[in-house]
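S.K.: predicted model and sequence below, questions to follow.
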Amino acid sequence: MASAAPNRTAFGDVAERFLRHMVAERGGSPLTVKSYREDLLQLEEFLASAGCRAPGDASSVLLRRFAAGLHAAGYAASTVARKLASMRSFYAFGQREGWVRGNPAKPLRSPRKPRKLPKFLTGDEISQLLAAPRPGQVGGLRDRAILELMYSSGCRVRELVSLDDGDLDLRNATVRIRGKGRRERLGIVGSHAQAAVRSWLAARPTAAGGRATSRPLFTNKFGGRLSVRGVARLLEKHLAVAGLAGKASPHTLRHSFATHLLDAGADIRSVQELLGHKSLVTTQIYTHVTTSRLLDAFDKAHPRAR
């Protein structure tokens, strides 16, 4: 019996190979891989309803119909853009594997995403939040260390929970952060963050297993690695205590870090490096925040502003 043509490869098999490639070759995070898997499942259902037996049967016209359906269903522009990016990467992988000759998703243009200015806390609000954890309790010492380190280094919450003891260098006031795409960078640990982290380490219960350098820096009550959801919960609790309920998420601390640095005159290239942004364009959104605040202050204070 003759073997099946390359473009008749079962969708599920091809998708799983692509997702493994995303992890092994491109350093895709679990969250990214989860999103890509959901996108491909949606694409598979659409292609099946259109009579395509395999991904290699899809044409650019058919994929445009898929994109139009996403818009019609009310998906946000950012979500549509991500799904189209998933498709482009998937078919580029198919070209390398040989089950599709060209990339039918390449001609598709992503919708322009409305640019939202990042939310941030003011300096006073940050002070209120950092004072909320109770220093007399082990949990309070941990939470204070987490909040201080996030605000001092500008790290993402996923980067924070992946930190091990060996990533911390308090002597040189730095922390090694593993960011997106396996890129590493150094974060700054300011004096307040250093003191908070030292207090936490002195009081921290012994973690289960692992060498001292490879055990989690921040642990839960069972001694295991603290989760992203765990950080979100503790932040919600302390925001409520500080009278700031609903005003911030873990990522707001990162936004506040960048905004406050630029407000104080920090060089944008330095902020880009500290944030771990691959492109300066991503960092420049914070300059729009500071500019809008300056314009607002001008409108309110200058006698000839209006």
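M.R.: Nice, I can see it.

S.K.: spit out the contact partners of Arg88.
M.R.: Residues near Arg88 by Cβ atoms under 8 Å, 6 or more residues apart in numbering: 103, 105-106, 108. For the C-beta atoms, the positions are set from N, CA and C on the backbone; glycine is no exception.

S.K.: recalculate using a threshold of 6 Å.
M.R.: Residues near Arg88 by Cβ atoms under 6 Å, 6 or more residues apart in numbering: Ala105.

S.K.: try Ala232
M.R.: Pro250.

S.K.: now it: which helix or strand?
M.R.: For Ala232, the element it lies in under DSSP states H and E is helix 228-241.

S.K.: for the record, mean pLDDT for the very next helix or strand once past that helix?
M.R.: Following helix 228-241 in sequence order, the next helix or strand is helix 250-263 (DSSP H and E). The pLDDT scores in helix 250-263 average 92.

S.K.: what is Gly187 paired to in the beta sheet?
M.R.: Bridge pairing for Gly187 (DSSP bridges) gives the partners Val175.

S.K.: burial count for it?
M.R.: The local packing of Gly187 (other Cβ atoms under 10 Å) involves 26 other residues.

S.K.: which residues sit in contact with Val157?
M.R.: 228, 231, 250.

S.K.: from Arg65, how far off is the closest residue to Arg142 other than its chain neighbours?
M.R.: Take Arg142 and drop its neighbours on the chain: the residue closest to it by Cβ to Cβ, 6 or more residues apart in numbering is Trp200, 5.1 Å away. Using Cβ to Cβ, to the nearest Å, Trp200 is found at 54 Å from Arg65.

S.K.: between these two, which one's more packed in?
M.R.: Trp200 (23 against 13).

S.K.: pull out the buried residues from the strand or helix carrying the more buried one.
M.R.: Trp200 is located in helix 191-203, with elements delineated by DSSP H and E. Across helix 191-203, burial judged by 16 or more other Cβ atoms under 10 Å covers 193-194, 196-197, 199-200.

S.K.: got it, and stretch 166-181?
M.R.: Neighbour-count burial for stretch 166-181 [16+ other Cβ under 10 Å]: 167-168, 174-175, 177-179.
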